[in-house]
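K.L.:
whatever this is, show me its structure:
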Amino acid sequence: MELLRLKDKVIVISGGTKGVGKAMAEVCGREGAKVVIGGRDEKAAKEALRNIRTFGADGIFVHTDLLNIEDCKKLFDKASETYGKIDGFFNYAGVTPVSPLDTCDEETFDWIMDVNFKACFFCCQQAIKYMRMNGGGSIVLTGSAHAWGGQKDRAAYACSKGVLRILMEHIAHQYAEEQIRCNYLTLGWTPTEGEVELRRSQGESEAELRKRAARSLPMGRMCERNDYSEAIIYMLSDASAMMTGSTFRVTAGEYI
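P.N.:
Numbers count the residues shown, from 1 in each chain. The predicted structure follows:
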């Protein structure tokens, strides 16, 4: 009999309608979790929920605009109202626009920090609120190799991912006694919808992007969505009960 590693756990995913977030929502369902998808694309969420239900699991979609902190609160309130608890939170939502230090405007900077950091901060606040009622839980923050300095055209983005590392370490240190743990999953270069769209706007096709990335990445190819499945399942499951404050890299050898 197959072991369901997230059986009966309630997992909240911000940005669960796109890219790695959507893929991991389906993976969590496959592993027996009740999945709460936060995002704005209802059509994509319904597709993910259909797939989740084919595994015999359950899930709901909560329309969430991460620029609205009340929506961040609503995401967790609805999860708790529906399923009675929250065991895990995977913070995937983020934006990655071009943002070099010498030309980034205030509007772009504020957008990046509001989505990537401010929304995550208040989502974690809500996650902790509900996890402590249930004796603990696991928070996984989506990181990036850019957090260690980043490329020249991603200065604001790099800062947003760097501050998430500090938030992860703070949560891990301050809430361990409540059995609330937090880890930082460093994602590699992945051809998500957002990444492909950005490169197309710069005149590069997805095929050209993949070829360029393959030449620069030590392991010879970009990371695909499902390359992160086992890491995320591990960090959300009881198998990682004693793991907190860790930086977990799945980057095809990329260290910026």
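
K.L.:
could you list the low-pLDDT ranges of this structure?
P.N.:
1-2, 256 (pLDDT under 70).

K.L.:
all helices of it, in order?
P.N.:
Taking DSSP state H as the test, the helices found in the chain are 19-30, 42-54, 69-83, 106-113, 119-131, 155-175, 193-201, 206-216, 229-236.

K.L.:
and this protein, what are its domain boundaries?
P.N.:
10-188+229-247, 192-222 (automatic domain parsing).

K.L.:
ranking the ones you listed by burial, who's on top?
P.N.:
domain 10-188+229-247 (a mean of 20; mean count of other C-beta atoms under 10 Å). Quick note: C-beta positions are derived from backbone N, CA and C, even for glycine.

K.L.:
how much space separates the nearest residue to residue 51 once chain neighbours are set aside from residue 116?
P.N.:
Of all residues not flanking residue 51 in the chain, residue 26 sits nearest, at 4.8 Å (C-beta to C-beta, 6 or more residues apart in numbering). In this structure, residue 26 and residue 116 are 23 Å apart, going by C-beta to C-beta, to the nearest Å.

K.L.:
which strand residues sit across from residue 34 in the sheet?
P.N.:
On the basis of DSSP bridges, residue 34 takes part in beta bridges with residue 10, residue 58.

K.L.:
residues contacting residue 15?
P.N.:
By C-beta atoms under 8 Å, 6 or more residues apart in numbering, the contact set of residue 15 is 21, 38, 39, 66, 91, 92, 93, 94.

K.L.:
run through the residues that contact the closest residue to the third one other than its chain neighbours.
P.N.:
With C-beta to C-beta, 6+ apart as the criterion, residue 39 has its nearest non-adjacent residue at 3.4 Å, and that residue is residue 17. For residue 17, the contact set (C-beta under 8 Å, 6+ apart) comprises 37, 39, 40, 41, 42, 44, 45, 48, 61.

K.L.:
include distance to residue 171 when you put the residues you listed into JSON lines, please.
P.N.:
Shown next, in JSON lines, are the contacts of residue 17 (distance: C-beta to C-beta, whole Å):
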{"residue": "37", "distance to residue 171": "22"}
{"residue": "39", "distance to residue 171": "23"}
{"residue": "40", "distance to residue 171": "26"}
{"residue": "41", "distance to residue 171": "28"}
{"residue": "42", "distance to residue 171": "30"}
{"residue": "44", "distance to residue 171": "29"}
{"residue": "45", "distance to residue 171": "27"}
{"residue": "48", "distance to residue 171": "27"}
{"residue": "61", "distance to residue 171": "26"}
